[in-house]
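Undergrad: this one's sequence-less:
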């Protein structure tokens with residue numbers, strides 16, 4: 001009797017190997033370019049690598065030349081991780097890669113709209129690094145198109161899963177459905193909180209200018225590879241709502257995107273907590289209603305994103321990782337010589 005387990009359901013089908021390889025190479029190249037910009041910024045400044053590492057987690061530290069911002073640093077690491085997963089042909093990489101592709105596409109479209117402004121185009125011509133910056137933007141568009149066109153068709157049928165009795169404690173399907181719904185609710189609540197803070201910010205800068213900064217790269221008037229706050233805020237709200245809605249029905253395909261985006265948000269939140277600590281904000285936060293609300297929002301973000309990372313990246317189940325039911329049975333055969 002053949003007791004060998006089924007092929008690893010966590011790996012994509014062989015016919016999708018080309019799509020996963022193209023995605024891995026594209027994201028690896030782009031993360032390499034962002035790493036080169038980071039190294040350039042360190043070398044041009046007065047500090048060293050240790051100063052940069054401190055600045056990664058402490059916004060109050062004196063950083064060297066900030067060619068990129070914290071969101072770009074986190075995105076660089078995320079691209080490397082996704083590239084590694086895609087190279088290993090892990091199915092969890094698909095939704096994470098699609099998320100990165102949409103992010104790059106949004107950044108490219110924003111920059112493309114900004115290039116319609118003649119003064120902005122002149123900055124690219126006159127800046128010594130303008131050509132390199134424009135090439136980086138162009139590469140981002142190419143990578144976005146390659147990833148999206150390669151990974152969208154790479155869908156797979158479920159295979160190699162042995163269903164348990166409904167409601168059973170060891171039913172991986174039931175476990176993931178519960179976890180996915182929790183992740184979805186946490187994302188949606190975080191999105192609502194972020195909308196509230198965005199509306200508050202609109203009163204200070206004006207709705208028109210804020211929305212233009214979201215979609216037009218020329219609004220700031222300077223060449224900057226780091227995304228502005230308006231773009232990252234609105235972008236994060238959209239991602240939180242889209243992934244939250246997709247996670248509510250318990251869709252397995254969204255697991256990789258949930259994990260990657262929650263990790264990115266967790267890094268940004270931890271960095272904010274460090275800043276609040278070094279500025280002694282915690283001791284003064286309850287002096288005003290706004291300070292108390294800001295502290296509560298930060299605490300929720302820290303707890304919620306940590307929970308999503310644990311739930312989406314913890315106990316593996318079924319076709320997206322972890323020990324499958326037949327794995328336990330095979331182990332039992334090896335120990336006892338039979339079932």
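TA: Ah, there it is. From a predicted model like this one, the values you see are computed outputs, not experimental measurements.
Undergrad: which secondary structure elements does whatever helix or strand residue 202 lives in contact?
TA: Assigned by DSSP states H and E, residue 202 belongs to helix 172-205. If contacts are counted by 3 or more CB pairs under 8 Å, 6 or more residues apart in numbering; DSSP states H and E, helix 172-205 sits against helix 229-247, helix 255-278, helix 289-313. C-beta here means a position set from N, CA and C on the backbone, and glycine is covered the same way.
Undergrad: Save those as JSON lines, and put in distance to residue 213, mean neighbour count and mean pLDDT too.
TA: Rendered in JSON lines, the data for the helices and strands packed on helix 172-205 read as follows (distance: least, CB to CB, whole Å; neighbours: other CB atoms under 10 Å; pLDDT from 0 to 100):
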{"stretch": "helix 229-247", "distance to residue 213": "4", "mean neighbour count": "19", "mean pLDDT": "95"}
{"stretch": "helix 255-278", "distance to residue 213": "19", "mean neighbour count": "21", "mean pLDDT": "93"}
{"stretch": "helix 289-313", "distance to residue 213": "22", "mean neighbour count": "17", "mean pLDDT": "90"}
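Undergrad: wait, which of the ones you listed is closest to residue 108?
TA: In this view, these are compared for proximity to residue 108 by CB to CB, and helix 229-247 is the closest at 12.3 Å.
Undergrad: so what secondary structure elements neighbour that closest one?
TA: Using 3+ CB pairs under 8 Å, 6+ apart as the contact criterion, the secondary-structure elements in contact with helix 229-247 are helix 93-114, helix 172-205, helix 207-215, helix 255-278.
Undergrad: Could you say which of these is packed most deeply?
TA: Mean neighbour counts were compared across the helices and strands packed on helix 229-247 using mean count of other CB atoms under 10 Å; the top stretch is helix 93-114, at a mean of 22.
Undergrad: tell me the mean pLDDT for that one?
TA: What helix 93-114 shows for mean pLDDT is 95.
Undergrad: which outside residues touch stretch 196-203?
TA: 210, 233-234, 237, 297 (CB atoms under 8 Å, 6 or more residues apart in numbering).
Undergrad: swap the cut-off to 7 Å and go again
TA: Residues external to stretch 196-203 that are found in contact with it (CB atoms under 7 Å, 6 or more residues apart in numbering): 210, 233-234, 237.
Undergrad: which two from these end up farthest apart in space?
TA: Spatially, the most separated pair among those is 210 and 237, at 12.7 Å (CB to CB).
Undergrad: related to what we said a few turns ago, with respect to residue 35, which of the helices and strands packed on helix 229-247 lies nearest?
TA: Comparing the helices and strands packed on helix 229-247 by CB to CB, helix 93-114 comes nearest, at 15.4 Å.
Undergrad: Can you list the helices and strands that that closest one packs against?
TA: Contacting helix 93-114 under the criterion 3 or more CB pairs under 7 Å, 6 or more residues apart in numbering; DSSP states H and E are the following elements: helix 17-44, helix 70-87, helix 130-151, helix 255-278.
Undergrad: Take those and write them to a markdown table, including distance to residue 173.
TA: As requested, the helices and strands packed on helix 93-114 are exported to a markdown table (distance: least, CB to CB, whole Å):
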| stretch | distance to residue 173 |
| --- | --- |
| helix 17-44 | 25 |
| helix 70-87 | 22 |
| helix 130-151 | 24 |
| helix 255-278 | 13 |
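Undergrad: Return the residues in contact with the most centrally placed residue in the chain.
TA: With distances taken as CA atoms, centre = their mean, residue 261 lies nearest the centre of the chain, 3.2 Å away. The neighbours of residue 261, taking CB under 7 Å, 6+ apart as the test, are 99, 239, 243.
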